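Peer 1: Let me see the structure of the following:
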Amino acid sequence: MGLVGFYSGSFDPVTKGHEDIIVRALGFLDELVIGVGVHHAKAAYLTGQQRVDLLQPLVDQWQKTTGKSVKVVQFSGLVVEAAKDNNAKIIIRGLRDSADFSYEMQMAGMNLALTQEISQGIETIFLPSQGEVRHIAAKLVRQIEQLGGDISSFVSPHVASYLANRNKNEKK
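Peer 2: Purely as a prediction, here's the structure:
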């Protein structure tokens, strides 16, 4: 087994920003586990299973193009526990701006402190978003989509199609 990374998020929905971080992480990891966070106190736009299902075609594509192992799991507890459960030694986090950096630095410190108590420590690696996707946030994509806007430049075609069909069915 090589170097395993854990990339967690809500992926509600998965965006091209998420894809950017995943593809770049696969450049130095042997295996990537994508953790779809499901939290009972958060009102998600999509169910955990829907988010996993939307990630799966992308996972299939990444595995073909990189030859690396990529899998998607759902988790509801601490990220460090989910990472440990999946044999990850690295937590991958994407950064869009200084606000993300400030928050993620705190989380990285807390996660490292927690993992030193439960294992040998799991490090966090930050990947800055590339310029063409830096502005993309799932929350904004949801808002645009809910207001009838075109989200096709922010998500993969299958995600845009799924959300459009989902909304048509809900309006019936």
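
Peer 1: can you pull out the strands in the protein?
Peer 2: Shown for the chain, the strands assigned by DSSP state E span residues 4-9, 31-37, 69-75, 90-95, 123-128.

Peer 1: would CSV of these with mean pLDDT, mean neighbour count and distance to Leu55 be doable?
Peer 2: C-beta coordinates here come from the backbone N, C-alpha and C atoms, glycine included. What follows is the strands of the chain, written out as CSV (pLDDT from 0 to 100; neighbours: other Cβ atoms under 10 Å; distance: least, Cβ to Cβ, whole Å):
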stretch, mean pLDDT, mean neighbour count, distance to Leu55
strand 4-9, 96, 23, 10
strand 31-37, 97, 23, 6
strand 69-75, 97, 17, 5
strand 90-95, 94, 22, 15
strand 123-128, 90, 16, 18
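
Peer 1: got those strands as JSON lines, with distance to Gly17 columns?
Peer 2: What follows is those, written out as JSON lines (distance: least, Cβ to Cβ, whole Å):
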{"stretch": "strand 4-9", "distance to Gly17": "10"}
{"stretch": "strand 31-37", "distance to Gly17": "14"}
{"stretch": "strand 69-75", "distance to Gly17": "17"}
{"stretch": "strand 90-95", "distance to Gly17": "7"}
{"stretch": "strand 123-128", "distance to Gly17": "11"}
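
Peer 1: Out of those, the one nearest Gln143 is which?
Peer 2: Set against Gln143 and scored by Cβ to Cβ, the strands of the chain come closest in strand 4-9, at 17.5 Å.

Peer 1: which residues are in contact with that closest one?
Peer 2: 18, 21-22, 25, 29-37, 75, 79, 82-83, 86-93, 122, 125 (Cβ atoms under 8 Å, 6 or more residues apart in numbering).

Peer 1: Okay, now the sheet partners of that strand, with direction.
Peer 2: Take DSSP bridges as the rule and strand 4-9 pairs in its sheet with strand 31-37 (parallel), strand 90-95 (parallel).

Peer 1: Mind putting those into TSV with distance to Lys64?
Peer 2: Output for the strands paired with strand 4-9, formatted as TSV (distance: least, Cβ to Cβ, whole Å):
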stretch	distance to Lys64
strand 31-37	14
strand 90-95	21
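
Peer 1: gap between Ala93 and Tyr103?
Peer 2: Actually, residue 93 is Arg rather than Ala. 10 Å (Cβ to Cβ, to the nearest Å).

Peer 1: Revised request: answer the last question for Leu32.
Peer 2: When Leu32 is compared with Tyr103 (using Cβ to Cβ), they lie 22 Å apart.
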